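> here are the coordinates; sequence isn't available:
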Ligand SMILES: *Cc1c(COP(=O)(O)O)cnc(C)c1O
C-alpha cells in the first residue's frame with residue numbers, strides 16, 4: 001500500500017480517491033453498492049451494543065450503509081467540513097436542517113431568491129409548525145442583519161441564486177451570523193465545492209441538491225449536508241431516523257461515480273456557459289443576459305472574489321418577453337425543454353411558470369424574476385452546437 005496522505009491531496013485527486021480507495025475485502029476499485037436493508041450481528045450482545053451506540057457498525061440502511069458512508073466521507077473532504085450526511089433529495093436535506101434547528105415560535109432569515117421548493121417550504125409547510133421565514137434581499141447585508149431577532153435560529157442563503165443568479169457576500173453573512181450566534185446555512189448547489197468553498201469563508205452548514213452537478217448525469221435525485229460532526233451526528237440520529245428521507249445505496253453510488261469527474265465537468269460547463277453568454281449578449285433579439293462571469297453582471301467583482309469560476313447557469317430575456325421566450329423554448333432542437341439543471345444535456349425552462357411557480361405574481365416581481373426570464377443550464381455539448389441551436393431558434397422569432 002502506498003503511504004500517500006489523502007489529507008494533503010488536491011481537489012481533483014480527492015474527487016477520484018476520497019471515498020476510501022480499493023475495497024479491502026474484494027479489491028473492488030469502485031465502491032460496491034451495498035444493496036442491503038439490514039446487516040447481521042455476530043451475537044445478540046453485539047446487536048445490543050451497536051443499538052446502544054457503544055460499538056460501531058451497520059445495522060439498518062435508514063441509519064447508515066457502507067455505500068452511503070463512502071459518499072459522506074468524500075463530500076466532507078470536498079467541502080472541507082468535518083462530516084456529511086446523505087438525504088433522499090435536496091428538499092429532504094433542506095427541510096431536515098431547518099427542522100433540526102427550529103422549534104415552534106422560532107424564525108429563520110433567508111435570501112429571497114431561492115429554489116421554488118424551498119420558498120414553498122417557507123410559505124406553506126413550516127408555518128404549519130409555527131416556524132416563520134423572513135425572506136430578504138440578501139445582496140443588501142443591512143437588510144439581512146435587521147431581519148434577525150432573538151428568535152432567529154439560522155440564516156439561509158443561496159448563491160448564485162436560483163434563478164436570478166444574484167451573488168450574496170458569503171463572508172459578510174458569516175460575520176453577521178457570528179455576531180448573532182446563529183449558523184450560516186448555504187445551498188451550494190449551483191456552485192459545487194469545486195467553484196465555491198463556503199466553509200473557508202465562515203459558513204457553518206452546506207446543503208446540496210446532489211441531483212444537479214454532483215450527480216451530473218440527470219439520473220438521480222439526492223441531497224447532501226456537510227457540517228460539524230456533532231451537528232451531522234444529531235441530524236442522522238434524530239431527523240433522518242425519524243423523518244426517513246434516506247438515500248438508496250444505488251443512488252449514493254451514482255453520486256460517487258459523478259464526483260469522480262466533477263472538476264472536469266465543471267470546467268467544461270463554465271467554459272461552455274461563458275461562450276453561450278457572450279453569444280446571447282451580442283444577439284440583437286436578446287433584451288438582457290445575466291451570467292456571473294460577464295463583467296456586465298452587477299456583482300461581477302464579488303463573484304470573482306468568492307468563486308473559482310462562474311458556473312454553468314445563464315438567465316436571459318428575449319425581446320418580446322414571455323411569448324417570445326415561449327417561442328424560443330418551443331423552437332430549440334438540441335437543447336431540451338425541461339426543469340432541473342447540471343446535467344450533461346443543456347436544459348431550458350421558464351421559472352415563472354415552472355420551477356418558481358410557487359412564487360405569486362407580486363413575489364416574482366419583488367425578487368426580480370421577470371415574466372420573460374428564461375433559465376438555461378448549459379450542458380457539455382460542443383459550445384458551437386449550443387449557440388447554433390439558439391441562433392436557429394431565435395431566427396424563428
Ligand atoms: C433542485 C434544487 C433544490 C431541490 O433539490 P431536489 O433534489 O430536487 O429535492 C434545492 N436547491 C437548489 C438550488 C436546487 O436547484
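Okay, I see it. This is a predicted model, so every value here is computed, not measured. Numbers count the residues shown, from 1 in each chain.

> looking at this protein, which helix or strand is least sure?
Ranked by mean pLDDT, DSSP states H and E, the weakest helix or strand in the chain is helix 361-367, scoring a mean of 92.

> which bits of the stretch 1-150 of the chain sit near the ligand?
With Cβ under 6 Å from any ligand atom as the criterion, the stretch 1-150 of the chain meets the ligand at residues 89, 90, 91, 115, 117, 118. For every residue, glycine as well, the C-beta is placed using N, CA and C.

> looking at the residues you listed, which one is closest to the ligand?
Nearest to the ligand among those, counting by Cβ to the nearest ligand atom, is residue 90 at 2.2 Å.

> chain neighbours aside, what residue packs nearest to that closest one?
Once flanking residues are discounted, residue 90 sits nearest to residue 209: 2.7 Å by Cβ to Cβ, 6 or more residues apart in numbering.

> restricted to helices, list the residues of the stretch 1-150 of the chain next to the ligand.
90, 91, 117, 118 (DSSP state H).

> need the residues you listed in CSV (columns: neighbour count and pLDDT).
Formatted as CSV, those follow (neighbours: other Cβ atoms under 10 Å; pLDDT from 0 to 100):
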residue, neighbour count, pLDDT
90, 24, 98
91, 20, 98
117, 18, 96
118, 26, 97
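
> which one of these is nearest residue 386?
Taking Cβ to Cβ as the measure, residue 90 is the one of those closest to residue 386, at 25.7 Å.

> does that closest one touch residue 213 like I think?
No. The pair residue 90 / residue 213 is not scored as a contact, 11.6 Å apart, by Cβ atoms under 8 Å.

> what does the host helix or strand of residue 231 contact?
Element membership for residue 231 (DSSP states H and E) is helix 229-234. With contacts defined as Cβ atoms under 8 Å, 6 or more residues apart in numbering, helix 229-234 is touched by 82, 83, 84, 85, 100, 204, 205, 225, 226.

> ok, now stretch 142-153?
Residues contacting stretch 142-153 (Cβ under 8 Å, 6+ apart): 101-103, 105-109, 134, 136-138, 155, 173, 176, 180, 182.

> just the ones of the residues you listed in helices?
101, 173, 176, 180.

> skip the chain neighbours and tell me the closest residue to the residue in the stretch 251-397 of the chain positioned nearest to the ligand.
With Cβ to the nearest ligand atom as the measure, residue 341 is the residue of the stretch 251-397 of the chain nearest to the ligand, at 6.1 Å. Counting by Cβ to Cβ, 6+ apart, residue 341 lies nearest to residue 377, which is 3.6 Å off, once chain neighbours are set aside.

> domain map for this structure?
11-260, 263-395 (automatic domain parsing).

> gap between the two ends of the shortest one?
Terminal residues of domain 263-395 are spaced 35 Å apart (Cα to Cα, to the nearest Å).

> still on that earlier bit, need the buried ones from the contacts of stretch 142-153 selected in ChimeraX.
Restricted to buried positions by 16 or more other Cβ atoms under 10 Å, the ChimeraX selection for the contacts of stretch 142-153 reads:
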select :101,102,106,107,108,109,134,136,138,155,173,176,182
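
> give me the number of residues near residue 361?
Residue 361 is flanked by 9 other residues according to other Cβ atoms under 10 Å.

> over to residue 296?
If you count neighbours by other Cβ under 10 Å, residue 296 ends up with 11.

> got the contact list for it?
Residues near residue 296 by Cβ under 8 Å, 6+ apart: 281, 289.

> state the three-state secondary structure for it.
Assigned by DSSP: H, G, I helix; E, B strand; the rest coil, the conformation of residue 296 is coil.

> quick one: buried residues of stretch 81-97?
Of all the residues in stretch 81-97, those buried under the rule 16+ other Cβ under 10 Å are 81, 83-97.

> again but with stretch 194-206, I slipped
By 16+ other Cβ under 10 Å, the buried positions in stretch 194-206 come out as 194, 195, 196, 197, 198, 199, 201, 202, 203, 204, 205, 206.

> is any part of stretch 319-339 close to the ligand?
No. Residues of stretch 319-339 are not located near the ligand by Cβ under 6 Å from any ligand atom, the shortest gap being 8.3 Å.

> mean confidence score for that stretch?
What stretch 319-339 shows for mean pLDDT is 96.

> where does the stretch 1-150 of the chain dip in pLDDT?
Applying pLDDT under 70 to the stretch 1-150 of the chain flags residues 1-2.

> which stretches of it form strands?
83-87, 107-111, 132-136 (DSSP state E, counting those that start in this stretch).
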